[in-house]
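Chemist: Sequence plus predicted model, see below.
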Amino acid sequence: MTDALFALLSLPAKSKGFTAYQYTVVDEGSASSRPNKTPRLDADSDPGSASRSRDRVKGKSVERDGPLTVQIHDFVAGVLDRAYDNSLARLRMCLSIMLTKGSKDLLPTTYEGVYDDCRVVVCAGTKGAILYDILAMQLDRSCCNLRHELEKATEDGDSIEWLNRFVEVCEWFEGQIMLIRALLAYLDRVHVLKTTGLLNIRDLAFTSFRRHVLDYTNIIDLIQAGVRDWLSWERNKGTENPRREYVRDLVTHLIHHNAYAIIFERFVGEQTLAYYAEEAENKIHQCGFTPERFLKHTARRVSEERARALGVFQLTTVNLVEHAARRGLLEGRLDWLASGAIEPLMKAKDTDQLNTAYTEFSAIEGLNILCREFKIYVQNVVAHIIKDTEHEDMMIERLLEFKAFCEGALQTAFVDPQTKQPNREFSYALTDAFAYGFKARKNKPAELIAKHLDRLMRRGQRDTSDGEFDRLLGSVLGLYRYTDDKDVFRTFYHRALSRRLLLERSASDDFEKAMLKKLKEDYDPEFGMGDHMFNDLALSRDLLYEYRNRLPEGASQRNLSVMVLQRSYWPFAARKKDVDLPLWMQSELAAYVAFYKSKHQGRKLDWDHSIGTATLKARFSSATKELTVSLYQAVVLLLFNESVELGYKQILEATRMDEGELKRTLQSLACAKKKVLRKRPVGKDIDETDVFYFNSEFTDLGVKVHINSIQAKETPEESTRTQSHIDSDRKHYLDAAIVRIMKAKKELTYEQLKTQTVESVKSHFVPEVNVIKQRIAGLVEQEYLRRDEDDMNKYIYVA
């Protein structure tokens, strides 16, 4: 009966259901409002349509689509109520069976019948609220039963296997809810949508499951126990658990129930932190891991955790687990790890592990600790290299090699992952470390940098390109930035440049000029002497060309080469005593002096034979060779034209050379690789009792033999003299700076004067405090300054 009534009320397109009943046409006027949803008969399905047509013809105002009043006579309401109750009863029984896991009872109707019963109850019977309450009650009952079932499933004691049981329960429950949603679609789409404050079927079911299952402490403890045992198994075994799929499915269901973060994610983070904190203590204190080994262990463990998290957990948990593992392993141990790992990794030049250290420290915001230890290590290494007097000759090469490695490490190991650029703090730390390391020894680093540049400029680029050679020079000048002793570098570089130019040992004048320009523009404005030096050489060549043109063809004086230099631009002091040249050499020099004075009246020429050179033709048993020697060497060798052998004292008397220079000259001729002289007794040192004789058996592959290399190198004695000159110049420089400051300020305290003095001279050198104090005291004695009578700490300028 109810089905027939419902079909009748559905009003199909060609229904004849109401043709036997009377109808009433309601004329409510054109201004009346019509209900939104009022059943209407088809226009031509009953005689009323014809009547309405006649009414329009007669002028009556009849709305064709107006509302109709349908009157059903002789129908009993109790019949419908019983039908609704029967539908509700069937629905209650169906829900009970469907929400009972493992039930073998058959449904009292088909799925289609359940669907129709829901439609009747909700749409026709308006009993959606009762059905909703029945569903809620059945869901609560089902979830309680599921919880009891899960609690009983712990009897076997396998917590990981229990996770599978839990997953099966979730799968069954979610599957049943999907079915019920489909069958009770009218409840979900009609009653729930029209009633505010009601949850849809899915949310109602999941809320019930969470309230009766997932919110219970016993269930939470069982889930977490299974996860903990699974994690421990994989971490201890170092391999994937065959039952990992259980956890992956568990994660999926917990996400569906919005319980993942509270029950799973937070617990995994806490458990990971605790596990690795305990493991770190065990590895360090019981297994004796070194910092370097522990760093590798940390990187491996974090990598394992990340791989596991990516394969099982939600993406939001990956970073949480990584961070927890790092915290457990590294927190509280960063100082120990950084101080112990940096040194072996830097010594081994292991940039991969350095990058690992950078990554791990960066992840837990510990880069400041790693940067501090990096700076300390670099500073100690630089200071050690600089103070190593035994390997002083290799100082610059070692510093360049170490600096190149450190800069490479900045580009590969200490790189910011976001900007892909070297970390600025590490770059600053490297610069500061080298600067502080250079302070470990005064003057010497600057001197050796200048001498290293001298070797490079004499050697030239050879097989390297211009760009590569320029980068090599730039790397050496990079070390120059770290030294405070600018005046030392300037002095030694000036002396080396002079030797290269006068001895024609420079590989390229263009490179020399480019280097001087770079030094002047980028490093030290005082490097302006180069222009004057090249100018002197150009004028000397022009003068020598004019002198030779005045001589007849074939004259021996044409072989003479003279460089006239202005003493103020060249770093050579006037010699009080020099070697006695042979008479024929002296006569040629006298002729040139006469020529020069004819060109320049009132000028005085002082000869410096220490940097002079000569070319001698020597006849040996094997062949005749051309020997390129220093002028001192030439004077000694020419003595053997008159005598077969000569003693040391005889040579000293004949040349009247300084004893130090003579011993050095004889050593280069008789004790070096190219021995054009022999001595008795054989040895490396020169004694006053030694006897020398010409080595007629000398052989060499080349026709031209260079033996004057000693001129290009500065002797230790010369270095000592140069250093003493620098110290003397510094005293004068300080005196001038102090007087200049006091003249401008008139009166200053000691601290103010000291600070301003350091600031004034720091572009040349950084003076020690005790030296400044001594210079101030000296100026007080010389009455340039005086102390204030009331305040002895204050100085006043004396005009």
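Modeler: Happy to help now that I have it.

Chemist: List the buried residues in the one helix or strand Leu163 maps to.
Modeler: In this structure, Leu163 sits in helix 159-183 according to DSSP states H and E. Neighbour counts over helix 159-183 (16 or more other CB atoms under 10 Å) mark 159-160, 162-167, 169-170, 173-174, 176-177, 180, 183 as buried. Heads up, the C-betas are built off the backbone N, CA and C, glycines and all.

Chemist: Tell me the helices and strands packed up against that helix.
Modeler: Contacts defined by 3 or more CB pairs under 8 Å, 6 or more residues apart in numbering; DSSP states H and E place helix 159-183 against helix 77-98, helix 111-119, helix 128-152, helix 201-209, helix 217-237, helix 244-256.

Chemist: Let's see the helix or strand following the last one as CSV, backbone CA atoms only.
Modeler: This means helix 244-256. Going down the chain from helix 244-256, the next helix or strand is helix 266-281, by DSSP H and E. What follows is helix 266-281, C-alpha atoms only, in CSV (Å, rounded to 0.1, in the frame of the first residue of the first chain):
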residue,chain,number,x,y,z
ARG,A,266,54.2,13.0,18.5
PHE,A,267,55.0,9.6,20.0
VAL,A,268,57.4,8.7,17.1
GLY,A,269,59.2,12.0,17.6
GLU,A,270,59.6,11.5,21.4
GLN,A,271,60.6,7.8,21.0
THR,A,272,63.2,8.7,18.4
LEU,A,273,64.7,11.3,20.6
ALA,A,274,64.9,9.0,23.6
TYR,A,275,66.3,6.1,21.6
TYR,A,276,69.1,8.1,20.0
ALA,A,277,70.0,9.9,23.1
GLU,A,278,70.6,6.5,24.8
GLU,A,279,72.5,5.2,21.8
ALA,A,280,74.8,8.3,21.7
GLU,A,281,75.7,7.8,25.3
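
Chemist: what sits up against helix 266-281?
Modeler: Outside helix 266-281, the residues within contact range by CB atoms under 8 Å, 6 or more residues apart in numbering are 224, 227-228, 231-232, 235, 294, 301, 305, 313, 317, 320-321, 324-325, 327-331, 333.

Chemist: Try it again at 10 Å.
Modeler: Helix 266-281 has contacts (CB atoms under 10 Å, 6 or more residues apart in numbering) with 220, 223-224, 227-228, 231-232, 235-236, 247, 251, 260, 283, 287, 289, 294, 297-298, 301-302, 305, 309, 312-313, 317, 320-333.

Chemist: tell me the contacts of Lys604?
Modeler: Counting by CB under 10 Å, 6+ apart, Lys604 touches 593, 597.

Chemist: which stretch of helix or strand covers it?
Modeler: Applying DSSP H and E, one finds Lys604 in no helix or strand.

Chemist: is it true that Leu315 touches Val321?
Modeler: No - using CB atoms under 10 Å, Leu315 is not in contact with Val321, being 11.1 Å away.

Chemist: Which one of these two is surrounded by more residues?
Modeler: For Leu315 and Val321, the more surrounded residue by other CB atoms under 10 Å is Val321, and the numbers stand at 24 against 8.

Chemist: Quick check: closest non-adjacent residue to the more buried one.
Modeler: Spatial nearest neighbour of Val321, chain neighbours left out: Ala309 (4.5 Å); criterion: CB to CB, 6 or more residues apart in numbering.

Chemist: pretty sure the one you found contacts Asn319?
Modeler: Yes - Ala309 lies in contact with Asn319 (CB under 10 Å); the separation is 8.5 Å.

Chemist: More neighbours: the two, which one.
Modeler: Ranked by neighbour count (other CB under 10 Å), Ala309 and Asn319 place Ala309 first, with 21 against 12.

Chemist: In what element of secondary structure is that one found?
Modeler: Here Ala309 is covered by helix 291-312, with elements defined by DSSP H and E.

Chemist: In that helix, which residues are buried?
Modeler: Neighbour-count burial for helix 291-312, counted by 16+ other CB under 10 Å, picks out 291-295, 297-299, 301-302, 305, 308-309, 312.

Chemist: and it with helix 217-237, angle?
Modeler: Helix 291-312 runs at 130 degrees relative to helix 217-237, counting by axes from the mean of the first three to the mean of the last three CA atoms, to 10 degrees.

Chemist: Could you tell me which of the contacts of helix 266-281 count as buried?
Modeler: By neighbour count, with 16+ other CB under 10 Å, those hold 220, 223-224, 227-228, 231, 235, 247, 251, 260, 283, 289, 294, 297-298, 301-302, 305, 309, 312-313, 317, 320-330, 333 as buried.

Chemist: re earlier: got any residues that touch both of Leu315 and Val321?
Modeler: Ala309.

Chemist: circling back to that earlier point, for the residue nearest to Val321, give me its contacts.
Modeler: Ala309 touches 268, 272, 315-322, 325, counting by CB under 10 Å, 6+ apart.

Chemist: Quick check, Leu345 in contact with Ser339.
Modeler: No - at 11.8 Å, Leu345 does not count as touching Ser339 under the criterion of CB under 10 Å.

Chemist: neighbour-wise, which of the two wins?
Modeler: Using other CB under 10 Å as the criterion, Leu345 and Ser339 rank with Leu345 on top: 24 against 16.

Chemist: so what's the more buried one up against?
Modeler: Neighbouring residues of Leu345 by CB under 10 Å, 6+ apart: 291-292, 295, 351-357, 374, 377, 409, 413.

Chemist: let's see it at 7 Å
Modeler: Shown in contact with Leu345 (CB atoms under 7 Å, 6 or more residues apart in numbering): 292, 353-354, 357.

Chemist: same thing with Trp172?
Modeler: Residues near Trp172 by CB under 7 Å, 6+ apart: Lys101.

Chemist: Which of the buried residues of helix 291-312 lies at the shortest distance from Leu646?
Modeler: Checking the buried residues of helix 291-312 against Leu646 with CB to CB, the nearest one is Glu292 at 65.3 Å.

Chemist: Could you verify that Lys675 is part of a strand?
Modeler: No - under DSSP: H, G, I helix; E, B strand; the rest coil, Lys675 falls outside any strand and is assigned coil.

Chemist: That one: what's its closest spatial neighbour, skipping adjacent residues?
Modeler: That would be Asn695: by CB to CB, 6+ apart, it lies 5.5 Å from Lys675.

Chemist: wait, that neighbour sits on Cys671?
Modeler: No - shown here, Asn695 and Cys671 do not form a contact pair, counting by CB atoms under 7 Å, at 11.8 Å.

Chemist: neighbour count winner among those two?
Modeler: Between Asn695 and Cys671, Asn695 has the larger neighbour count (other CB under 10 Å), namely 19 against 16.

Chemist: Dihedrals phi and psi, the more buried one?
Modeler: For Asn695, the backbone dihedrals (degrees, to the nearest 10) come out as phi -90, psi 90.

Chemist: Check it and give its pLDDT.
Modeler: On pLDDT, Asn695 comes in at 90.

Chemist: all strands for this structure, in order.
Modeler: 24-25, 68-69, 613-619, 624-630, 645-647, 677-680, 691-694, 704-706, 747-749, 785-787, 794-797 (DSSP state E).

Chemist: can you tell which of the ones you listed is closest to Lys731?
Modeler: Per CB to CB, nearest to Lys731 of the strands of the chain: strand 785-787, 15.6 Å.

Chemist: can you pull the buried residues of that closest one?
Modeler: Quick answer for strand 785-787 (16+ other CB under 10 Å): Leu785.

Chemist: Show me the strands paired with it, marking each as parallel or antiparallel.
Modeler: Strand 785-787 has its sheet partners listed here by DSSP bridges as strand 794-797 (antiparallel).

Chemist: Can you point out the buried residues in the partner strand?
Modeler: By 16+ other CB under 10 Å, the buried positions in strand 794-797 come out as 794-797.

Chemist: what stretches of the stretch 151-300 of the chain score poorly on pLDDT?
Modeler: Where the stretch 151-300 of the chain drops to pLDDT under 70, the residues are 155.

Chemist: Also the chain?
Modeler: Where the chain drops to pLDDT under 70, the residues are 1-80, 125, 155, 708-713.

Chemist: report the longest helix in it, please.
Modeler: Longest helix in the chain by number of residues (criterion: DSSP state H): helix 716-745.
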